[in-house]
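[1] A predicted structure for the sequence below; I have some questions about it.
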Amino acid sequence: MVWNIFRNSNDISAAEVKSRMEEGWSPFIVDVRSLAEVKKFGKIKGTKLIHPHSSIISVKNKIPENVDVLVSCMGGTRSKIAIQKLKSEGYNSERLFNLRGGFNSWKKSGGKTS
């Protein structure tokens, strides 16, 4: 059952995110790492919400349901779990995107950080 979580997310590469953003795509970016990780490593420029994946449902009212949402963590696993939790709360799976490889892949691709 756990493996189904990982097969059902809309994985998107850092390169594709950058390309779409250059064309005007403006997703609501959620970072599901701890604040300590974000302070140590940085975050994707434009991140709107930082909250650990384990309690993402407690802040679901801060995550819009009518826009694309890009979810990121350090390597791509916790973000998939967060996406599954949001889906279980009724979020449209077509609007939830998992950054494949997480912040690590974003940084390697030369994506803007802050």
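    Structure's in. What do you need?
[2] part of a helix, is residue 48?
    No: Residue 48: not assigned to a helix; according to DSSP: H, G, I helix; E, B strand; the rest coil it is strand.
[3] now what about stretch 70-79, what contacts it?
    In this structure, residues lying in contact with stretch 70-79 by CB atoms under 8 Å, 6 or more residues apart in numbering are 6, 11-12, 17, 27-33, 37, 41, 44, 47, 53, 82-83, 86, 96-106. Using the backbone N, CA and C atoms, a C-beta is placed for each residue, glycine as well.
[4] list buried residues within these.
    Neighbour-count burial (16 or more other CB atoms under 10 Å) is assigned, among those, to 11-12, 17, 27-33, 37, 44, 47, 53, 82-83, 86, 96-106.
[5] restricted to strands, list these.
    11, 12, 28, 29, 30, 31, 47, 96, 97, 98, 99 (DSSP state E).
[6] dump those into TSV; add distance to residue 64 as well.
    Shown next, in TSV, are those (distance: CB to CB, whole Å):
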residue	distance to residue 64
11	21
12	18
28	6
29	12
30	10
31	16
47	14
96	12
97	14
98	17
99	18
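[7] which residues in this protein form helices?
    Counting by DSSP state H, residue ranges of the helices within the chain are 2-7, 14-22, 35-41, 77-88, 102-108.
[8] tell me the pLDDT at the closest residue to residue 51 other than its chain neighbours?
    Computed as CB to CB, 6 or more residues apart in numbering, the closest residue to residue 51 that is not its neighbour in sequence is residue 59, at 5.0 Å. pLDDT, residue 59: 97.
[9] quick check: residue 59 vs residue 30, distance?
    According to CB to CB, to the nearest Å, residue 59 stands 9 Å off from residue 30.
[10] who touches both of the two?
    Common contact partners of residue 59 and residue 30 (CB under 8 Å, 6+ apart): 49, 51.
[11] circling back to that earlier point, quick one: the residue nearest to residue 51 and residue 49 touch, right?
    Yes: at 6.8 Å, residue 59 counts as touching residue 49 under the criterion of CB atoms under 8 Å.
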